[in-house]
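Build me a structure from this.
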Amino acid sequence: MTLRRASRALLAAALALAAGAAVGASQDVLRMFNWNNYMTDDAVTRFEALCSCRLAQDYYSDNEEMLAKLAAGATGYDLIVPTGNAVEALIRSGQLRAIDKSKIPNLNNIKPQYLNTWFDPGNRYSVPYAYSLTIIGYNVEKMRALGLPTDTWAVIFEPRYLEKVKGKVTVLDSQRELFAAALKYLGYSVNESSEDKLRQARDLILRAKPYWAAFNAASYFKELTVGNIWLVQGYSNDLYTAQQDAKKAGRPFSIAYSTPKEGAVFALDNLVIDKSGKRPDLAQMFMNYWLEGRASAELTNLIGAGNPNQASLPLIDPQIARNEAIFPDAEHFKHLEMLRDYDRKTRRMLNRLWVEIKVR
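Take a look at the predicted model:
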């Protein structure tokens, strides 16, 4: 073999090795479909070191968005982080892989009240990740100066209050969350399915809509932080983030949040394994890693996410642990409801009502 041929052979062998390494690297990727801003960078770094893999995340801002993307053909995700009603929908459609609990011993760290839920009895497909409440966030100084209440959904829906903050209010761009708030204000369950009562909720929303600045489920808390918006319907973890960011930025106002007296949505987010994913082994490794406690405690301390993991409690900032909008006590839980998945007929009806709201 000549020197040139030897060099070519060595180059070919090197390229083959590199290609093999690239294939191996591409296989050692855990693909995750997650909510925006729902994991710390440190948690990602430690897991990647633990599994000698890469964690690749895509993001959504609403369960309906996530389900729509999956229905439209998005595949290949190993892990998804749906809320309870979305877990129910994914189980019903046969999209989830059952978990092997022998690979997830840290499931024992979860408080019993968050296990064996109505949407997944026996936790065959899901493990709790974190939770939030859908509540009211507001600019303290503006609301106080205007004499507006901050403990009721009336401030979001009643024109007598809204006329004082017209153009400074946002509500979530989520049909289920917005209808849930309207239904609660009307004295109904967030899972009310009668056409008459859902139309009452639609009419309430349409009456309030002219006073709102936007439907926003992504950047609303940033708008609240900088003072562009004074009142929002939002997720408790986002509102905690807005509060802390306003403090750090030295804003001349403060952000607070409260659970309306009529009640609110409690959303338990979960880790589930999609059947289309190629690495259920890494998915279950991540589940056990997350449930160990440190990573979930870091998330709570960073964004104020509610935490179902009792092993994480010693690592949580005591001030956060005392916050009833993050860790509601038994009395507060009486006024909270989880969203349940609607049947096909009700979903179609709700979609029609939602379109009416958006176009009018």
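
so what's residue 234 bridging to?
Per DSSP bridges, the residues bridged to residue 234 are residue 135.

count of neighbours near it?
Residue 234 is flanked by 27 other residues according to other Cβ atoms under 10 Å. To be clear about C-beta, it is placed using only N, CA and C from the backbone, and glycine gets the same treatment.

for residue 175, same thing?
Residue 175 has 20 neighbours, counted by other Cβ under 10 Å.

Now the residue lying closest to it once chain neighbours are set aside: which helix or strand?
Excluding the flanking residues, the one nearest residue 175 by Cβ to Cβ, 6 or more residues apart in numbering is residue 354, at 4.2 Å. Residue 354 belongs to helix 344-359 when assigned by DSSP states H and E.

what comes up buried for that helix?
Using 16 or more other Cβ atoms under 10 Å as the test for burial, helix 344-359 gives 346, 347, 349, 350, 353, 354, 357.

Save those residues as CSV, and put in pLDDT too.
Output for those, formatted as CSV (pLDDT from 0 to 100):
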residue, pLDDT
346, 97
347, 94
349, 97
350, 97
353, 98
354, 97
357, 98
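
Adding distance to residue 318, write those residues out as a markdown table.
As requested, the buried residues of helix 344-359 are exported to a markdown table (distance: Cβ to Cβ, whole Å):
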| residue | distance to residue 318 |
| --- | --- |
| 346 | 43 |
| 347 | 43 |
| 349 | 46 |
| 350 | 41 |
| 353 | 44 |
| 354 | 41 |
| 357 | 42 |
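
Looking at those residues, which one is closest to residue 86?
Using Cβ to Cβ, residue 347 comes nearest to residue 86 of these, at 12.5 Å.

roughly how far apart are the closest one and residue 141?
Computed as Cβ to Cβ, to the nearest Å, the residue 347 to residue 141 distance reads 41 Å.

in the stretch 51-200 of the chain, which spans are strands?
Along the stretch 51-200 of the chain, counting by DSSP state E, counting those that start in this stretch, strands occupy 54-60, 79-80, 96-97, 126-139, 169-171.

quick one on the thing from earlier: nearest to residue 269 among the buried residues of helix 344-359?
residue 347 (20.8 Å).

Quick check: the closest one vs residue 217, distance?
Residue 347 is 19 Å from residue 217, by Cβ to Cβ.

With residue 91 instead?
Going from residue 91 to residue 217 by Cβ to Cβ gives 24 Å.

These two: which has the busier surroundings?
Legend: neighbour count by other Cβ under 10 Å for residue 91 and residue 217, higher for residue 217 (23 against 19).

Tell me who's in contact with that one.
Counting by Cβ atoms under 8 Å, 6 or more residues apart in numbering, residue 217 touches 61, 62, 172, 173, 174, 177.

One more pass at 6 Å, please.
By Cβ atoms under 6 Å, 6 or more residues apart in numbering, the contact set of residue 217 is 61, 62, 172, 173, 174.

quick check, residue 246 in a strand?
No - secondary structure assignment (DSSP: H, G, I helix; E, B strand; the rest coil) places residue 246 in helix, not in a strand.

residues in contact with it?
Residue 246 makes contact with 225, 255 under the criterion Cβ under 6 Å, 6+ apart.

Can you check the pLDDT for it?
What the model reports for residue 246 is a pLDDT of 98.

can I see the domain layout of the chain?
Taking automatic domain parsing as the criterion, the chain consists of the domains 29-129+268-325, 132-265+340-359.

got those as CSV, with distance to residue 334 columns?
Formatted as CSV, these follow (distance: least, Cβ to Cβ, whole Å):
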stretch, distance to residue 334
domain 29-129+268-325, 13
domain 132-265+340-359, 9
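
Tell me where the model's unsure across this structure.
Residues of the chain that meet the criterion pLDDT under 70 lie in 1-27.

rerun that using 50 as the cut-off
Low-confidence segments of the chain, defined by pLDDT under 50: 1-26.

measure the closest residue to residue 122 other than its chain neighbours to residue 126 for me?
Excluding its sequence neighbours, the residue lying closest to residue 122 (Cβ to Cβ, 6+ apart) is residue 116, at 6.1 Å. Distance of residue 116 to residue 126, computed by Cβ to Cβ: 11 Å.

Neighbour count: these two, which is higher?
residue 126 (27 against 10).

Spatially nearest residue to residue 79 (excluding sequence neighbours)?
Residue nearest to residue 79 in three dimensions, not counting chain neighbours: residue 32, with 4.5 Å by Cβ to Cβ, 6+ apart.

Just checking: what are the partner strands of the helix or strand containing the one you found?
Assigned by DSSP H and E, residue 32 belongs to strand 29-35. Applying DSSP bridges, strand 29-35 is found paired with strand 54-60 (parallel), strand 79-80 (parallel).
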